[in-house]
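Undergrad: Fold the stuff below for me.
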Amino acid sequence: MLIETARFGDFELNESKLIEFPSGIPGFEELKSFIILEINETKPLYWLQSTQNKHISLPVIIPFELLDDYYIEIRENELEGLHIKDKNDLLILNVVVVPEKLPEMTANLAAPIIVNLKDGLGKQLLIDAAELPIKYPIYDAIRKKLQGGASDVGAI
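TA: Below you'll find the predicted structure:
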């Protein structure tokens, strides 16, 4: 299947990589089909790319790659429609806002995107937890990840 993107060009993709969002994603309810792109130059940012609109690609993170203390509790009823049989089939993503001033980059930790990778189904949740911010600063966590942590920091 040919995927057209405005940001990353066109490429062939195995249809098994498609993720269907039956209800869409808030703000993009009309778009139901997405893929997750891993671009070496932008890691640890990934891209939730619409297969229906080449101009829509949302930057996302896998929070457990960056945030040691990220924890969410998902109720069974919140997973309805995703056909989860094994928790190892789940992928959790958080949408990132990348402003002009990169140090002001934030992730929405209160509205994770839950994906059943095995069945290719996804939905965005709104977690009812006061301790999960909508605008969590992630710039320093990304810098630490790219530098390999404090042990790789040095001066010349």
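Undergrad: how about Ala111, phi and psi?
TA: phi -130, psi 70 (degrees, to the nearest 10).
Undergrad: thinking it is in contact with Leu125, fair?
TA: Yes. Ala111 is in contact with Leu125 according to C-beta atoms under 8 Å; the separation is 6.5 Å. Where C-beta positions appear, they are placed from N, C-alpha and C, glycine not excepted.
Undergrad: Please name every helix or strand in contact with the longest helix seen in the chain.
TA: For the chain, the helix with the greatest residue count under DSSP state H is helix 139-147. Packing contacts for helix 139-147, counted by 3 or more C-beta pairs under 8 Å, 6 or more residues apart in numbering; DSSP states H and E, involve helix 63-66.
Undergrad: Show me what the next helix or strand after the helix it packs on is packed up against.
TA: Using DSSP states H and E, the helix or strand that directly follows helix 63-66 along the chain is strand 90-97. On a contact count with 3+ C-beta pairs under 8 Å, 6+ apart, strand 90-97 meets strand 46-50, strand 57-61, helix 63-66, strand 106-107, strand 113-116.
Undergrad: ok now strand 90-97, how far from the chain's centre?
TA: Relative to the mean C-alpha coordinate of its chain, strand 90-97 is positioned 3 Å out (C-alpha atoms, centre = their mean, to the nearest Å).
Undergrad: And for stretch 104-111?
TA: Worked out by C-alpha atoms, centre = their mean, stretch 104-111 lies 11 Å from the chain centre.
Undergrad: Distance across it, terminal residue to terminal residue?
TA: Stretch 104-111 has an end-to-end distance of 19 Å (criterion: C-alpha to C-alpha, to the nearest Å).
Undergrad: Give me the buried positions along that stretch.
TA: Neighbour counts over stretch 104-111 (16 or more other C-beta atoms under 10 Å) mark Met105, Thr106, Ala107, Asn108, Leu109, Ala110, Ala111 as buried.
Undergrad: what do you get for stretch 63-82?
TA: Applying 16+ other C-beta under 10 Å to stretch 63-82 flags Pro63, Leu66, Leu67, Tyr70, Ile72, Glu78, Leu79, Leu82 as buried.
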